[in-house]
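A.B. asks: Provide a 3D model corresponding to the input given below.
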Amino acid sequence: MATKMTTNNTQENDASKHNPHDPTKSLVAKTIDWSVNNQLLVLIGALALIIAGWLALKNTPLDAIPDLTDTQVIIKTEFPGQSPQIIEDLVTYPLSTTLLGLPKTKAVRGFSLFGTSFVYVIFEDDVDQYWARSRVLEALSKIGDDLPDTARPKIGPDATGVGWVFQYVLVDRSNKLDLSQLRSLQDWFLKFELLSVDGVSEVASVGGFVKEYQVLIDPNRLRAYNVPISRITQAVKASSAEVGGRVLEQAETELIIRSKGYIEKLEQLKNVVVFSAGGAPVLLSDVARIVEGPELRRGAVELNGEGEVVGGIIVMRSGENPLSVIKAIKTKLKTLKAGLPPGVDIIPVYDRSPLIEGAVNYLSLKLLEEGLVVALVCLIFLLHARSALVAIITLPLGVFGAFIMLYWQGITANIMSLGGIAIAIGAMVDASLVMVENAHRKLSILPVDASKSQKQATILLAAKEVGPGLFFSLLIITVSFIPVFTLTGQSYRLFAPLAFTKTYAMAFAAILSITLVPILMVWLIRGRILSENKNPLNRFFVALYRPVLVAALKSKGVVMALLALMLLSTLYPLSKLGSEFMPPLYEGELLYMPTTLPGISLSK
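C.D. replies: Model prediction:
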């Protein structure tokens, strides 16, 4: 019986030599032969793939979700004391019309508030953030003379809409410091130190009171001395300044002459001379009351309903690794606590790292589970442990290849990009499984005393028979996500990471299926190979499947009618389903920002 099977197999091989469409003579088959004949080169390439993939995996930025924001630059202009209409006419409109002429600009949006103007310049997709900022700065340098003297536009931080990665508050447990002192700690100590952390673009201070010297003018005294308010303003400006003089040489030493006039104490401001009346100086304290008070504020920060606090919002620079930046911020805050007054504590109130780590760890766990399931299925149906290693080894190599491309493109590892790998895993192992199964089928009919060279030739023949079809089937699956790349705007930025990772993983799986997989098959498929019919699980599923197949073939019309009915039955629930661009994402943090009627006071 064994001799007869061997003869039949030989006859099949002889017939295949005369078949012009023989898959064993294709380019893919020649690639398989070359790989087996040059095993050292293939293994060196696989080792390089592992090393490069591991480095890419360790250095790929981690984030929870893809950055869906447009490339935009924000221009903020302070014009104190002016109404929104005045700001719109003198600041927002001139800026908007000038910035509309910038290259690759998609939209310009202006907002005029009381005392403040915001202009958002939104650029086209794929525009570099810093190229856009340089274009905006060039435009601002041209329009600066057309704006009011007291209106100075400032460009916003080099961050995106999802750059808000960390927030903290300062709490005084000893109740010895007020909100103004806590705000001074934030503005003059913590803020500057945190700005030195790599990847931090801005540290915005919120809450508390900003100290300032306030000149409370008495109108009755102004009228008595006949002094206009403009004179008060000029006197205050002139009193707080320094003037440089010449250099004198005395006793072989250079002496620099300068006038020191910066106001450092409240008493110095009180003694500012406003004007001279009949030879007697009129001081600023004669016409006004000078006090140290808080700056006018338009908002407040409260923690857990226990009272007002001072906080800091840390914004990450565009293109940085959020998880690395947050870890560096936490490390910096630990060192800064030693420089705070006794009783003052830093409490984090928003931290994106648990969301990032939770999303990545969850998907990483699912990837590991899928790999174990693949190994278990191979082991159960093939009853050969070493054969299951063929699929297990090639699976992480394909994932490593995908991460190399992600790192090269600058795409973060997030729930979408890792989801692409999760989708691809099922199809990535198809080639190795089918090749191994085909090799088992051919090896099981070989005679017991078959030589090692005969078994190797049979394994290669099995790989070359199904290799071309498997290779091109994987390529077809690879290009199936190409329509995703035709999306634009936020849709593209959301789904492109998933499409990229799936495409890369499938492409590397296709290459590995005709290079590394045949080598692993030659190495690992050894020992006794059982026939499919000797596996009780295979016999059970075949017995279960065969009657259903026979019945379906006999009743083709009934089967097609049932399928059409099932398809039509989905129309009604489909019409009742809603649509959402992105599902809710619960970060585990609660930030309460109430919305009230316009014009309501801060205390209310």
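A.B. asks: in the stretch 301-450 of the chain, which spans are helices?
C.D. replies: 322-336, 353-382, 385-409, 415-428, 430-443 (DSSP state H, counting those that start in this stretch).
A.B. asks: Using JSON lines, lay out those together with mean neighbour count, distance to Glu124 and mean pLDDT.
C.D. replies: Just so you know, the C-beta spots here come from the backbone N, C-alpha and C atoms, and that holds for glycine as well. Shown next, in JSON lines, are the helices of the stretch 301-450 of the chain (neighbours: other C-beta atoms under 10 Å; distance: least, C-beta to C-beta, whole Å; pLDDT from 0 to 100):
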{"stretch": "helix 322-336", "mean neighbour count": "17", "distance to Glu124": "25", "mean pLDDT": "92"}
{"stretch": "helix 353-382", "mean neighbour count": "16", "distance to Glu124": "29", "mean pLDDT": "78"}
{"stretch": "helix 385-409", "mean neighbour count": "21", "distance to Glu124": "19", "mean pLDDT": "84"}
{"stretch": "helix 415-428", "mean neighbour count": "22", "distance to Glu124": "22", "mean pLDDT": "81"}
{"stretch": "helix 430-443", "mean neighbour count": "22", "distance to Glu124": "40", "mean pLDDT": "81"}
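A.B. asks: For Val203, find the nearest of those helices.
C.D. replies: helix 322-336 (9.5 Å; C-beta to C-beta).
A.B. asks: will you turn the helices of the stretch 301-450 of the chain into JSON lines that also has distance to Ala510?
C.D. replies: Formatted as JSON lines, the helices of the stretch 301-450 of the chain follow (distance: least, C-beta to C-beta, whole Å):
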{"stretch": "helix 322-336", "distance to Ala510": "32"}
{"stretch": "helix 353-382", "distance to Ala510": "17"}
{"stretch": "helix 385-409", "distance to Ala510": "9"}
{"stretch": "helix 415-428", "distance to Ala510": "9"}
{"stretch": "helix 430-443", "distance to Ala510": "7"}
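A.B. asks: closest to Ser575 out of these?
C.D. replies: With respect to Ser575, and counting by C-beta to C-beta, the nearest of the helices of the stretch 301-450 of the chain is helix 415-428 at 27.3 Å.
A.B. asks: next structured bit after the helix or strand bottoming out on mean pLDDT in the chain?
C.D. replies: When each helix and strand of the chain is scored by mean pLDDT, DSSP states H and E, helix 2-17 comes last, with a mean of 44. Once helix 2-17 ends, the next helix or strand along the chain (criterion: DSSP states H and E) is helix 27-37.
A.B. asks: That following helix relative to helix 430-443, how many degrees between them?
C.D. replies: 80 degrees (axes from the mean of the first three to the mean of the last three C-alpha atoms, to 10 degrees).
A.B. asks: mean confidence for the following helix or strand past helix 27-37?
C.D. replies: As assigned by DSSP H and E, the chain's next helix or strand after helix 27-37 is helix 39-59. What helix 39-59 shows for mean pLDDT is 90.
A.B. asks: Helix 39-59: which residues count as buried?
C.D. replies: Val42, Gly45, Ala46, Leu49, Ala52, Gly53, Ala56, Leu57 (16 or more other C-beta atoms under 10 Å).
A.B. asks: do stretch 168-183 as well
C.D. replies: Tyr168, Val169, Leu170, Val171, Asp172, Leu177, Leu179, Ser180, Gln181, Leu182, Arg183.
A.B. asks: tell me how far it is from the chain's mean position?
C.D. replies: 34 Å (C-alpha atoms, centre = their mean, to the nearest Å).
A.B. asks: now it: mean pLDDT?
C.D. replies: 89.
A.B. asks: Could you tell me the end-to-end distance of that stretch?
C.D. replies: 13 Å (C-alpha to C-alpha, to the nearest Å).
A.B. asks: Mind listing residues that contact it?
C.D. replies: The contact list for stretch 168-183, computed with C-beta atoms under 8 Å, 6 or more residues apart in numbering, reads 185-186, 190, 205, 207-211, 294, 301, 303, 308-312, 314, 333, 341-349.
A.B. asks: what do you get for stretch 216-231?
C.D. replies: Outside stretch 216-231, the residues touching it (C-beta under 8 Å, 6+ apart) are Ile232, Val274, Phe275, Ala277, Val282, Asp286, Val287, Ala288, Arg289, Ile290, Val291.
A.B. asks: how does it look with 10 Å?
C.D. replies: 232, 234-235, 274-275, 277, 282, 284, 286-291, 293 (C-beta atoms under 10 Å, 6 or more residues apart in numbering).
A.B. asks: Kindly report the same for stretch 360-374.
C.D. replies: By C-beta under 10 Å, 6+ apart, stretch 360-374 touches 62-64, 323, 388, 391-392, 395-396, 399, 412-419, 421-422, 425-426, 428-429, 432-433.
A.B. asks: Would you agree Glu202 falls within a strand?
C.D. replies: Yes - under DSSP: H, G, I helix; E, B strand; the rest coil, Glu202 sits within a strand.
A.B. asks: quick thing: my sequence starts at 20, can you match it?
C.D. replies: Okay, using 20 as the starting number, the last item reads as Glu221.
A.B. asks: What strand or helix carries the spatially closest residue to it that is not a sequence neighbour?
C.D. replies: Of all residues not flanking Glu221 in the chain, Pro176 sits nearest, at 3.9 Å (C-beta to C-beta, 6 or more residues apart in numbering). Using DSSP H and E, Pro176 falls within no helix or strand.
A.B. asks: same check, this time on the one 5 residues further on
C.D. replies: Using DSSP H and E, Val181 sits in no helix or strand.
A.B. asks: For this protein, which segments count as strands?
C.D. replies: 91-97, 124-132, 135-142, 171-174, 183-191, 219-225, 230-236, 262-269, 272-278, 292-296, 299-302, 307-313, 329-335, 363-370 (DSSP state E).
A.B. asks: Pick the most deeply packed of the ones you listed.
C.D. replies: Per-stretch averages of neighbours, counted by mean count of other C-beta atoms under 10 Å, single out strand 329-335 among the strands of the chain, with a mean of 24.
A.B. asks: so who does Lys349 touch?
C.D. replies: Applying C-beta under 10 Å, 6+ apart, the residues near Lys349 are Phe185, Tyr187, Val216, Pro367, Asp370, Ser372.
A.B. asks: And the fourth one, how close does it get to Ile333?
C.D. replies: Spelled out, it's Pro367. To Ile333, Pro367 is 10 Å away according to C-beta to C-beta, to the nearest Å.
A.B. asks: what's the answer for Ala151, then?
C.D. replies: According to C-beta to C-beta, Ala151 and Ile333 sit 23 Å apart.
A.B. asks: I appreciate the help and will end here.
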